[in-house]
Each structure stands twice: as structure tokens, then as C-alpha cells.
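**Q** Next come a sequence and a model predicted from it.
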Amino acid sequence: MATTQQTEGNQLSAPRGSGRGWHFAWGALLIATGILAVLMPGIAALATALVFAWLLIFGGGFEIAYAIHTRGSAGFGWKLASGIITLLLGIAILVRPLAGVMSLALLVGGFLFLGGIARLVLASRIRPQRGWGWILADGLFSILLAILIAVAWPQSSIAVIGLLTGFWLLLAGLWRILLRDEPEAHRPAV
């Protein structure tokens, strides 16, 4: 049973209906999550900090395990130190989530700024495909949000994390839904 179909120029592409339902589901989930974050920015900020803390804790634990596993190779001390620092940072955010939220405000600002630049590049690459303007708007909005985070930090870190991330999720979900039915004729050749 074939899962791909042959196209002109001997290039393989996904079947016509492949993945469109997942694009819609992912977009709808992003929109729903964004609405919840906007309605409850304090909870969204706390949840974001706690998820980030656990990611650091697990990451630090894995780094320590890797360092111990490769203790006979060069750089053991640095690997171990990196793992311990990552683990301690995760524990610190877990114990003091408000400080974590304030730190995350700066990280989210950086993420939104870099993500906005990436979306501007993406929009310029796929222009004039249907929906490219939504990606452009997402990129511009992300950069604007990053600037607002930098200006408002640290006084409004809780609101910034919840609200700005919520709006970003809304736009990201919207353009994914709008582009899910892109006709193959408009797709760039790989």
C-alpha cells in the first residue's frame, strides 16, 4: 500500500488529504489554549514557569546521568557542572515560581522576537501563497509583543507571560488553520 504519490519531476509528495485534519486540530488546540491563557494570565504564567522548571529538572538530571556515563572522556567536570547548574535552576524556579515568571518574561520576549523574525522570513519565502499575510502579521505581532515585554519588565511579568503568550498562541493557531487546505499547485517545489 503506497503512502505517497508520484508527481511531476519524480518528486514524492504526501497524499492529497494527508495531515489536513491534524493541521486543523493543532490550530484549534493552539487557539483554545490561547483563549485560556488570555482569560487566566496568572494561572498561565504559573503553569508556564512550572513546566519550564520541570523541563530544566529533567534536563539537568539527564545531563548528570550522561556525564557520569561518560566520566572517562574529556570534559567530565564541565558536563557534570552543566547538569548540576541546569538541575539547580529548575529546582529554584520550582521553589520560587514568581522569580521564575519574571525570568521567563525575558525568555518569552526573546523567543517572541526571534520567532517573529523567523515568521517574517517564512512569509517572504512563501509569498504570494494564500495565507502568507497571516504569517507576516504573526511575525510582526510577535516582534511587537517582544518589545512590550522589554518595556514592561519586571512589574507586569505575570500579565505579560499569560496575555502575550495567549495572543501569540491565538495567531499561531489561526494561520495553521487557514493554511491547512493549501492546494498542491501553490506549494513550492522541494
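**A** Good, I have the coordinates.
**Q** Just the element for A25, please.
**A** A25 is part of helix 20-39, with elements assigned from DSSP states H and E.
**Q** contacting residues around that helix?
**A** Here helix 20-39 makes contact (CB atoms under 8 Å, 6 or more residues apart in numbering) with 44, 162-163, 165-177, 179-181. To be clear about C-beta, it is placed using only N, CA and C from the backbone, and glycine gets the same treatment.
**Q** Check stretch 97-117 too.
**A** Applying CB under 8 Å, 6+ apart, the contact partners of stretch 97-117 are 45-46, 48-50, 52-53, 92-94, 138-147, 149-150, 153-154, 157-158, 160-161, 164-165, 168.
**Q** and that stretch, how far out from the chain's middle?
**A** For stretch 97-117, the separation from the chain centroid amounts to 11 Å (computed by CA atoms, centre = their mean, to the nearest Å).
**Q** ok, now stretch 90-98?
**A** That offset, for stretch 90-98, works out to 21 Å (CA atoms, centre = their mean).
**Q** ok, back up a step: angle of the helix or strand following the helix holding A25 against helix 20-39?
**A** Where DSSP H and E defines the elements, the next helix or strand beyond helix 20-39 is helix 41-69. If you take axes from the mean of the first three to the mean of the last three CA atoms, to 10 degrees, helix 41-69 sits at 120 degrees to helix 20-39.
**Q** pLDDT on helix 41-69, on average?
**A** For helix 41-69, mean pLDDT is 91.
**Q** Could you pull out the buried residues of that helix?
**A** 41, 44-49, 52-53, 56-57, 59-60, 63-64, 67 (16 or more other CB atoms under 10 Å).
**Q** what's around the residue nearest to L164 when sequence neighbours are not counted, how many residues?
**A** Nearest residue to L164, sequence neighbours excluded (CB to CB, 6 or more residues apart in numbering): L145, at 4.5 Å. By other CB atoms under 10 Å, the residues close to L145 number 23.
**Q** I am finished for the moment; much appreciated.
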